[in-house]
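> What would the 3D arrangement of this be:
(4 chains)
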Amino acid sequence: MNEHPEAEITLRWNEPEVSYDVVIVGGGGHGLSIAYHLATRHDITNVLVLESGYIGGGNTGRNTTVIRANYGIPEAVRFYQHSLERYRALEDETGRAMMHDRKGLLWMAHSEAGVRQERARSAVNQAFGAETVYLEPDEIAEVCPEVDLTCGGGFPTVLGASFHQGATARHDRVVWALAEGAMRRGVHVAPGTAVIGLVHDAGRVVGVETAGGRIAAGTVVSAVGGNATVLADMAGVRLPIRTHPLQAFVTNRHQRRFDPIVASGDLGFYVSQTARGQMLLGAEIDRQPSYSRRSTHDLLASLSHRAITVLPFMRELRVLRQWTGSCDMSPDYSPVMGDTGVDGFLVTTGWGTWGFKAIPAGGEVMAERIATGVVPELMAPFALDRFGRDRTLADRGSSGTH
Amino acid sequence: MAEFAVVRERIAAVRIAATPTALDAARWPADATELRLAPDEVLLLDVLDAAAPEPHAIVFPDTGWVRFVLSPAAGTRVFEGAATWPPPAHGLGQGAIAGIPAKVIVNTDCWWLVVQGVLADDFEDRLVEVLA
Amino acid sequence: MSLRIRCPHCGPRSVEEWVHGEIPVVPDAIADPDARDVDRGYMHTNEHGVVREAWFHLSGCRRWVTLWRDSRTDEWVEPPG
Amino acid sequence: MTGSGEFTFDGTAVPFDTGDHLLTALVRVGIHPTGGGTLCAEGHSPHCVAEVDGSAYVHTCQTLAREGMVVRAHPTGAPPVLPSIASPERPVAVRNIHHEVIVIGGGESGRAAAAAAGAPIVDAKDGSEAIGIYPGPMVAVRTDDGMVHAHVNRVVVATGALPLLPVCPGNDLAGLYTPMAAERLTAAGVDLGQTVRITGPPDRFEGDIRVRSVVVGGERIECDAVIVDIGTTPNEVLARMGAGLAIDTVGDAATAASPPPCPVEGTVCPCNETTMAELAEAWARGFTSMELLKRASLAGTGVCQGAVCSPYLQSFIADRTGSVEAPFTARPVARQATLSEIAAGRHHPAVPRTSLHAIHEAAGATMDRLGGWWRPWMYSDVGAEYDAVRNAVSLGDVGTLGKFIVSGPDAEAALQRLISTDVSTIRPGRSRYVLMLDERGYVLDDGMILREPEGDRFFVTVTSGGASVAEMWFRDWTAHLNVRWMNVTMALGAINVTGPRAPELLARVGFDETLPMLQHTESDIANVPCRVVRLSFTGEVSFELHHPFARSGELWHALLDAGADLGVVPHGLDALSRLRLEKGHIIVGQDSDYDSTPRRLHHDWMVNLDSGNFIGRHAVERTNRLALDKQLVGLESEGPAPFEGAVAWTPDGEYAGYVTSAAWSPTLDRSVMLAWIRLADGELPEEVWIEGESARRVALPFYDPAGTRARG
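Numbers count the residues shown, from 1 in each chain, chains lettered A, B, ... in the order given. Sure thing, here's the model as predicted:
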């Protein structure tokens, strides 16, 4: 049965005008969230969102929609916990269902090293409000009886950590609800419009060039996924970003029954059942930096192998579709948000494999920075200049399986 | 199933790191099977010692290798089932077999698969699985 | 050829046998030694096009190989010049 | 027909002839597997899928009937039930094949291309379904006998054309067939009854469950079955999937698509039951591009991956914009396979075992994956293992250490570049504990450098699990130097003999030299040639015995036998971790983090800024000029040891950091810890609170600060 809930949402597109207070490059979750928050929180609506393809067609449309806050360092737990709470509020605020589904996240460890890492992460989660409890193997069997606790005999499960607030949402609806909310308040969104250059004046970025002409801007924000370094190059800004492919796949639909999001750090995989009943599987990034979005058989096979080791009930499920997104990885596995040293040019990037869950908070803090000129507290640790100041945010909790 | 029998044996070997030119010019003991692992490294099977081909060469008697001896039919089947690269027509090839770094030596009457002893148990299990 | 990597010593092998290694490029324009140090340690050109990079053949000869790849398509290309 | 048999469909016995596909046998007895919808009999139409032997979404037209198969219809109006228990493991074989060229598709153009290139053919009609063209190029093929992975230099895509399926009211009735389906079924002896062939788009089909009439151009025709011959569309999904790889597309698959007339009404996406009216509604609401329309309507996201609806979406958009948009992005898989089939031939990463692995297991040790190796975590009593080291003598398996031999005129220069110490001051026969930094000045690894008596030769050890990274690092940075490296990690076993009675034990097995701290020598011990290194990680007198891999067992047993009355027992990693913690020795990767500079680790003393241009030197100088923000410190408390990872708070309730290592020290009668603690206003707090207990910051090491025990 087709639920067709998108019938509620209405999108209205605009041809760009010649000048805006704010031009946001990138019509994905983050770009649209910035626009939405500028309009709703700061009454700034002379805003243009430029998207080279269709909105939500980049990484927002290619991710695996897990929302969690169980990261490894206080700065990240605070930020993602705030984002997670905002996600829940967004449905009411926009009046649009995002199929936000709080289902809990079960994280398993199969070695002493895995247990140590899981305990450490859970401790910092608890300290900063992201509820986590430990589960002994028999308790894991209660939460998720499908798990083979021995993992085929090779990876006996030693400990689980359950993060109750773990959730998923339908990515397209998040994008469309934010776009609609911004458009209704007067924000312009122009799909199919690529930025081919930046306009400089006296060391400042004052606009963008598109195939259709020059657009002046008080502030240009790069909310680009995959090509962030290319755009930053045009501003003369060097970024600590490498773009890596991240692959995922779904199976055919089955009736909804499988509740938690299940992940294993030692085995490097995670899975959840989508609202439409597909099993959605993901793993770690491809090791070589690349802009290619071509899927590989190696990943499909190795991820399938890991999945059926933990959850043998999936053996006879059939692969429906495989895809690849582009992850902008920073050296410390934390995002880069805010000022760049070039006036008029702000970035939000380095979202790696954790960008979807950050959409509400990322847009909110960037909008506040644009509107007030002051860097919000939640955003401050993620500044670009942290690398030169030797204040990197080594977040092992965010790397790998997410 | 004798055709697919796997014989596992420890081997005496000597590993030598030296300049590529020295290795190119070197003469090894007559009994040795030479595996050129890299331009500057060679593994000599079935010998206990060898002369240094140049003054700074490292000559290291290496007991860390294990050899599996297979029939050509079994070797072919292992490659078909567990390697994404084709076996050499003759002589040395190296790469992953069943996910484990391995050397293959294709002789006329038998194939040798040589792996590090630390991975030999896993390798044997996987060989048996693919030949089952 | 894509992600089969040609080892000059061992022959073409799957990317799974290899470890990727970056060859950092610091722009000459950065003259200040501290700024160069930070750039070399953290910043990336993240080339959208042909990249020169190193691959280590972990499951074979265990040596580094230098290759040129188009990061848009993952195709191997001949060294420029 | 050479034989026959029976399978069941929803409990009803269905007879089949040998060679029948399931669909053939079903249609023969008047069953439509999904109740209705146009059948194509070549694996594209979603209307023939059913659950077969517990596996859902099986194309019955591609599956040969076998005796006793249990076939069930998918539930009506809902997707199939998710299996709750594991189906039995079904081994799936993989066959890797290597060819210059492979051809996908066995039609006329495919056969011609195969003949020209001398290439094999993969043809879905023979049950070989190409699921994807991947980088390599590699073509993954599913067959009933397992998977074929074809590694080739070029792929010829000759997949022909797909029949258009009708979109109009009543297109979900039974009795609708493509020409190919009708031909195949009839050839298999199925009587389709009174058939009518239509060659233009139908207005509608009429009937109750089965079609009774079709209306075309306003004219009603009575019938039992309709052969829907309304055209084809290029079957180019694989061609688009492989675009950019070394592929050629030939035949019908290479022709330009011309979308069919846009239907007026009816279900356009049978997989998700999207109607034409719903497409129109989404369009009106701004979803005005192929990809947005697909996402808003879900058309094209079902089991047939757009095989039915994609041409109609193109015509729908062309009707409104005047131009034909490209079809959906082509993503694998082109044909479905189970996770078991996809995973065939895969293994988890092999984890190396030391030469003593079997001996540890026989001794009842709990083995764990640690630092990339199988290692003994504990034998039977961690307390007894600890006591043996502190009070008697014990053996530890350290064969996992990364081990290298370095030689050549530039060997010293190479190490000088790689290591933050002044290597030139390590004299022959001596050794030193050293750090390797990366270019950011962060600690990459720690280890020992031993200089051989020859002077231009060294033996280097690094952390367990660090060997491959170290080898890559060494070879990368010293490629321009006249130096030979040999990685002997897996060629040598190593046993640590540690405890106050270690010298006594070694004397009994043939080593009675006086070997001062941080010196090394070669000697036969229990007739095994050993490199003997005097050092200490446990805090007690220790000798590392590096020896040929194949001889670990005899050495281990000789030591245990000789020391039985001295109380010798082996110790595992659990005991070792506590022992070294009392000495404040870090474990790289556990106590160090991504951003651990020597200063943050309290290891500045290991960095000699006068020793030349070692890697990370400039970064250390630069970051040393910045304010310090956190440090790894020693903490003590009277309470029980917290878990490793526990959060530390300042007395004011501010986050202070976290514990990286913790243990109750029986020797000191208190808990000892290493922890990352943040500085506040440039000061480290003297006291923090962890798990409700006060912990004091103390100088390291906790145990035997003068080091008299290690020196013996």
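
> Tell me which residue of the chain is furthest from the middle?
Since no chain was named, I'll use chain A. When distances to the mean C-alpha position of chain A are computed (C-alpha atoms, centre = their mean), the maximum falls on residue A:202, with 34.8 Å.

> To clarify, I was referring to chain D.
Most distant from the centre of chain D: residue D:219, at 59.3 Å, with distances by C-alpha atoms, centre = their mean.

> so what's it bridging to?
For residue D:219, the beta-bridge partners are residue D:216 (DSSP bridges).

> Residue D:447 and chain A, how far apart?
As for residue D:447, its distance to chain A is 20 Å (criterion: C-beta to the nearest C-beta, to the nearest Å). Any C-beta I mention is one placed from the backbone N, CA and C, and that applies to glycine too.

> contacting residues for residue D:188?
Applying C-beta atoms under 8 Å, 6 or more residues apart in numbering or on different chains to residue D:188 gives the contacts D:17, D:19, D:20, D:24, D:28.

> so the first one sits right up against residue D:64, yeah?
No: here residue D:17 does not reach residue D:64: they are 10.9 Å apart, not a contact under C-beta atoms under 8 Å.

> And what about the residue most central in space within chain C, helix, strand or coil?
In chain C, the centroid-proximal residue (C-alpha atoms, centre = their mean) is residue C:53; its distance is 1.2 Å. Applying DSSP: H, G, I helix; E, B strand; the rest coil to residue C:53 yields a three-state assignment of strand.

> and it, what are its bridge partners?
residue C:22, residue C:67.

> In contact with residue A:298: list those residues for me.
Residue A:298 makes contact with C:14, C:15, C:16, according to C-beta under 8 Å, 6+ apart.

> roughly how far apart are it and residue D:140?
In this view, residue A:298 and residue D:140 are 11 Å apart by C-beta to C-beta, to the nearest Å.

> Spatially nearest residue to residue D:163 (excluding sequence neighbours)?
residue D:178 (4.0 Å; C-beta to C-beta, 6 or more residues apart in numbering or on different chains).

> Actually, residue D:629.
residue D:679 (5.9 Å).

> number of nearby residues for residue 280?
In the absence of a named chain, chain A is used. Neighbours of residue A:280 under the rule other C-beta atoms under 10 Å in any protein chain shown: 19.

> wait, chain D
Look at residue D:280: counted by other C-beta under 10 Å, it has 14 neighbours.

> Residue D:189 now?
Look at residue D:189: counted by other C-beta under 10 Å, it has 11 neighbours.

> is it true that it touches residue D:28?
Yes: between residue D:189 and residue D:28 there is a contact at 7.2 Å, judged by C-beta under 8 Å.

> any idea how far the residue farthest from the centre of chain D lies from chain A?
Distance from residue D:219 to chain A, counting by C-beta to the nearest C-beta: 32 Å.

> So that residue versus residue D:203, what's the distance?
From residue D:219 across to residue D:203, the span is 9 Å (C-beta to C-beta).

> three-state assignment of the residue in the stretch 151-300 of chain A that chain B sits nearest to?
Residue nearest to chain B within the stretch 151-300 of chain A: residue A:298 (9.1 Å; C-beta to the nearest C-beta). For residue A:298, the assignment made with three-state DSSP gives helix.

> per-residue confidence for it?
Looking at residue A:298, its pLDDT reads 94.

> for residue A:396, same thing?
With respect to pLDDT, residue A:396 scores 67.

> cool, and residue A:112?
Residue A:112 carries a pLDDT score of 88 in this model.

> my read: it touches residue D:368, true?
Yes: between residue A:112 and residue D:368 there is a contact at 5.2 Å, judged by C-beta under 8 Å.

> Now do the shared contacts for the two.
Common neighbours of residue A:112 and residue D:368, counting by C-beta under 8 Å, 6+ apart, are D:377, D:573.

> roughly how far apart are the residue lying closest to residue D:498 once chain neighbours are set aside and chain B?
Nearest residue to residue D:498 in three dimensions, chain neighbours excluded: residue D:542, at 4.0 Å (C-beta to C-beta, 6+ apart). Residue D:542 sits 24 Å away from chain B, going by C-beta to the nearest C-beta.

> and what of residue D:493?
Remark: distance between residue D:493 and chain B (C-beta to the nearest C-beta) = 9 Å.

> That residue bridge partners, please.
Beta-bridge partners recorded for residue D:493 (DSSP bridges): residue D:547.

> That one contacts residue D:356, doesn't it?
Yes: with contact defined as C-beta under 8 Å, residue D:493 counts as touching residue D:356 (6.9 Å).

> Find residues that contact each of the two.
Common neighbours of residue D:493 and residue D:356 (criterion: C-beta under 8 Å, 6+ apart): D:397, D:399, D:552.

> Check which helices and strands the helix or strand containing residue C:36 is in contact with.
In this assignment (DSSP states H and E), residue C:36 forms part of helix C:33-42. Secondary-structure packing of helix C:33-42 (3 or more C-beta pairs under 8 Å, 6 or more residues apart in numbering or on different chains; DSSP states H and E): helix D:617-624.

> The helix it packs on close to chain A?
Yes: with C-beta under 8 Å from any C-beta of the partner chain as the criterion, chain A is reached by helix D:617-624 at D:622, D:623.
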